[in-house]
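In: Give me a model of this one.
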Amino acid sequence: MRRRTGWSIAGAAVLAWGEWLNWRWSRALVKDGGGAAEAVVVLGYRNPQATVNLVNRWRVRAGLRSIAAGSAPGTVVIFSGGATGGGAAEARLMAGYATSALAFDGAVLLEDRSATTWENITNVIPLLENADRIKIVSQPAHALKARAYLRRQRPDLAERLVRADDYRPGEWMAVKPLLALYGLWTLRGLKADERKISL
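Out: Now for the predicted structure:
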């Protein structure tokens, strides 16, 4: 009985740790930005098959729910990601899913050349110049990495970063500890000031 209770407590602690880290990452390097025109950048995930994969479908849904209510006519969703393994570009697959499966009829732009997160940011920068508010959507650790890259490449645009709706308590809860471990590994190159909670 004690052993079972101990395992239950340990399991709950691991889940809480995963939630906490993902929550922290979703709130780093963002501000309470104002302005009407919004750009929501949805980053792709490896998608060698001809149909959009599970992770990219979730990212599209998170991107669309990140659009602020009453957004200005200038609001745009930017899907970013090149082709993997000779298949269709991730950006095109995600845009197709947004418009066909989710019936999204807002403004869409595609960045379909990038193969890395650094390239994602480099290649979307020209599409962000007119945005008052910039949201980057992915799993929280990956989105934080992308925000840090924008800060390194274009600090002026990074001042416009606001929080996306890509973290929700309990969502992906069972895998959040694994995402947290992977996130710690992928974020090891970030400086301390790039991990600080802004909100």
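
In: what does the longest helix along the chain contact?
Out: Counting residues, the longest helix found in the chain (DSSP state H) is helix 2-26. Helix 2-26 is contacted from outside by 139-141, 143-144, 163-164, 166-167, 169-170, 173-174, 176-180, 183-184, 187, 195, 197, using C-beta atoms under 8 Å, 6 or more residues apart in numbering. C-beta here means a position set from N, CA and C on the backbone, and glycine is covered the same way.

In: Filter those down to the buried ones, PyMOL style.
Out: Selection of buried members from the contacts of helix 2-26 for PyMOL, criterion 16 or more other C-beta atoms under 10 Å:
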select buried, resi 139+140+141+143+144+163+164+166+167+176+177+179+180+183+187
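
In: what about F104, is that helix, strand or coil?
Out: coil (DSSP: H, G, I helix; E, B strand; the rest coil).

In: Return the residues in contact with the closest residue to it other than its chain neighbours.
Out: Distances taken as C-beta to C-beta, 6 or more residues apart in numbering put A98 closest to F104, at 4.2 Å, once the chain neighbours are dropped. If you count contacts by C-beta under 8 Å, 6+ apart, A98 has them with 60, 63-64, 77, 79, 104, 108.

In: Take the contacts of helix 2-26 and keep only those in strands.
Out: Among the contacts of helix 2-26, no residue falls in strands (DSSP state E).

In: Show me what the strand or helix carrying V108 packs onto, helices and strands only.
Out: Following DSSP states H and E, one finds V108 within strand 107-111. Helices and strands touching strand 107-111, by 3 or more C-beta pairs under 8 Å, 6 or more residues apart in numbering; DSSP states H and E, are strand 76-80, helix 90-96, helix 117-128.

In: what mean pLDDT does it have?
Out: In this model, strand 107-111 has a mean pLDDT of 97.

In: Return the list of strands paired to it, each annotated with direction.
Out: strand 76-80 (parallel) (DSSP bridges).

In: Show me how far the partner strand is from its chain's centre.
Out: 11 Å (C-alpha atoms, centre = their mean, to the nearest Å).
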